[in-house]
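A.B. asks: After the sequence you'll find the predicted model.
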Amino acid sequence: MEETWYLYILRCGDGTLYTGISTDVEKRLVAHRAGKGAKYTRGRAPLELVYQEICGSHSDALKREIAVKKMDRHQKETMIAQYK
């Protein structure tokens, strides 16, 4: 049985947005905060989880991550606002 994958967006302390995928978003957030996540998020604390969505398979999550990373800032902020 395949694990469920999620897309997530973090707001970094400098106001930038980081998009990633994981099977356990909370565990991944802990790793980011400990400096063991993506290189991009190191030194950009505090990190706030502002968006997550279920993607299903790893393949689906990767495709969605690519699509979100191609969005401009306004589109991402709109998506985040609708999530809250």
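C.D. replies: That came through fine. Residues are numbered from 1 along each chain as shown.

A.B. asks: what about I21, which helix or strand?
C.D. replies: Assessed by DSSP states H and E, I21 sits inside strand 17-22.

A.B. asks: Point out the other helices and strands that that strand packs with.
C.D. replies: Contact here means 3 or more C-beta pairs under 8 Å, 6 or more residues apart in numbering; DSSP states H and E; on that basis strand 17-22 packs against strand 5-11, helix 25-33, helix 58-69, helix 73-83. Every C-beta, even on glycine, is put in place using the N, C-alpha and C of the backbone.

A.B. asks: Tell me which strands the helix or strand harbouring Q52 pairs with, and in which orientation.
C.D. replies: Assigned by DSSP H and E, Q52 falls within strand 48-56. According to DSSP bridges, strand 48-56 forms sheet pairs with strand 5-11 (antiparallel).

A.B. asks: Now do the same for the strand it pairs with: mean pLDDT, whole number.
C.D. replies: The average pLDDT within strand 5-11 is 98.

A.B. asks: residues touching Y8, list them.
C.D. replies: Under the criterion of C-beta atoms under 8 Å, 6 or more residues apart in numbering, the neighbours of Y8 are 19-22, 25, 28-29, 49, 51-52.

A.B. asks: go with 6 Å
C.D. replies: 20, 25, 52 (C-beta atoms under 6 Å, 6 or more residues apart in numbering).

A.B. asks: ditto for G13
C.D. replies: G13 neighbours (C-beta under 6 Å, 6+ apart): 44-46.

A.B. asks: just to revisit the earlier point, could I get the helices and strands packed on strand 17-22 as TSV with distance to K39?
C.D. replies: As requested, the helices and strands packed on strand 17-22 are exported to TSV (distance: least, C-beta to C-beta, whole Å):
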stretch	distance to K39
strand 5-11	14
helix 25-33	10
helix 58-69	16
helix 73-83	20
